[in-house]
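In: Pasted the sequence and its predicted model underneath.
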Amino acid sequence: SQQGEEDPQALSIQEGENATMNCSYKTSINNLQWYRQNSGRGLVHLILIRSNEREKHSGRLRVTLDTSKKSSSLLITASRAADTASYFCATERTSGTYKYIFGTGTRLKVLA
Amino acid sequence: DTGVSQDPRHKITKRGQNVTFRCDPISEHNRLYWYRQTLGQGPEFLTYFQNEAQLEKSRLLSDRFSAERPKGSFSTLEIQRTEQGDSAMYLCASSPAPGKSGNNEKLFFGSGTQLSVL
């Protein structure tokens, strides 16, 4: 498969808790991005981290990148019911292709 | 609305029929992508355009699939002789040219066309 992998596949938490999801990929990359998708809709970009960065923050989001392990994590702090969605990582390879490879996604449910 | 627009939102067709989807990217974006997504999976790359040039096609894109972007603006994706396995959400995304301010690696997605082949 051309896809990266994410875990867990599904996550259910209470409002106010933190949610962590992980992404693993297979090749050298220029950057890794996280997207969010509400049911039946298109994807919305959340945050981008470049291969020479290790951590990045944006509001309640914290992303880490470990290129030696070819993995990334997305932390959503103080989750809200409105954060309920699927979250995907996408990687841009260093050469030979223009495509972004998406992971299989984590389905997050935040219970009010 | 200046986002990526896809038409139709839903398409139901019978096996063996041809279907065509349209994507209107954000006007100043010269890169355009088509992805396919099935239930519970992430988007899978189909093809990529830079202006009117189709620069990459996935092996997923069989000879029944063809995509065009004739004037470097809108794009169409046609599926001939549809099969039940073609049932999926077809997503279009666009991004600015390289070197543009800050967001050239970020993809802007449309809401997709949900295809059901009966």
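Out: Thanks, I have the structure now. It should be emphasised that the depicted structure is a prediction, and the values quoted were computed from it without experimental measurement.
In: Next one: A:Thr97 from A:Asn30, what distance?
Out: 11 Å (Cβ to Cβ, to the nearest Å). Every residue, glycine included, has its C-beta placed from N, CA and C.
In: quick one, which of these two is more surrounded?
Out: A:Thr97 (16 against 13; other Cβ atoms under 10 Å in any protein chain shown).
In: For the more buried one, give me its contacts.
Out: B:Glu56 (Cβ atoms under 8 Å, 6 or more residues apart in numbering or on different chains).
In: Could you check the pLDDT of A:Thr20?
Out: If you check A:Thr20, the pLDDT there is 97.
In: Across the sheet, point out what pairs with the residue nearest to it when sequence neighbours are not counted.
Out: Spatial nearest neighbour of A:Thr20, excluding adjacent residues (Cβ to Cβ, 6 or more residues apart in numbering or on different chains): A:Leu75 at 5.1 Å. Beta-bridge partners for A:Leu75, by DSSP bridges, are A:Thr20, A:Arg62.
In: Touching, A:Leu75 and A:Glu17? I think so.
Out: No: applying Cβ atoms under 8 Å, one finds A:Leu75 not in contact with A:Glu17, separated by 11.2 Å.
In: just the residues of chain B that are near chain A, which are they?
Out: B:4, B:31, B:33, B:35, B:40-45, B:48, B:50, B:55-56, B:58, B:89, B:91, B:93, B:105-112, B:114 (Cβ under 8 Å from any Cβ of the partner chain).
In: Whichever of these end up buried, select them in ChimeraX.
Out: To isolate in ChimeraX the members of those that are buried, counting by 16 or more other Cβ atoms under 10 Å in any protein chain shown, one can use:
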select /B:4,31,33,35,41,42,43,44,45,48,50,56,58,89,91,93,105,106,107,108,109,110,111,112,114
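In: Take the residues of chain B next to chain A and keep only those in strands.
Out: With DSSP state E as the criterion, strands contain B:31, B:33, B:35, B:44-45, B:48, B:50, B:55-56, B:89, B:91, B:93, B:108-109, B:114 from among the residues of chain B next to chain A.
In: Mind telling me which residue is nearest the centre of chain B?
Out: Residue closest to the mean C-alpha point of chain B, counted by Cα atoms, centre = their mean, is B:Trp34 at 2.9 Å.
In: Against B:Lys14, how distant is it?
Out: From B:Trp34 to B:Lys14 the distance is 23 Å (Cβ to Cβ).
In: ditto for A:Ser73
Out: For A:Ser73, the distance to B:Lys14 - Cβ to Cβ - is 45 Å.
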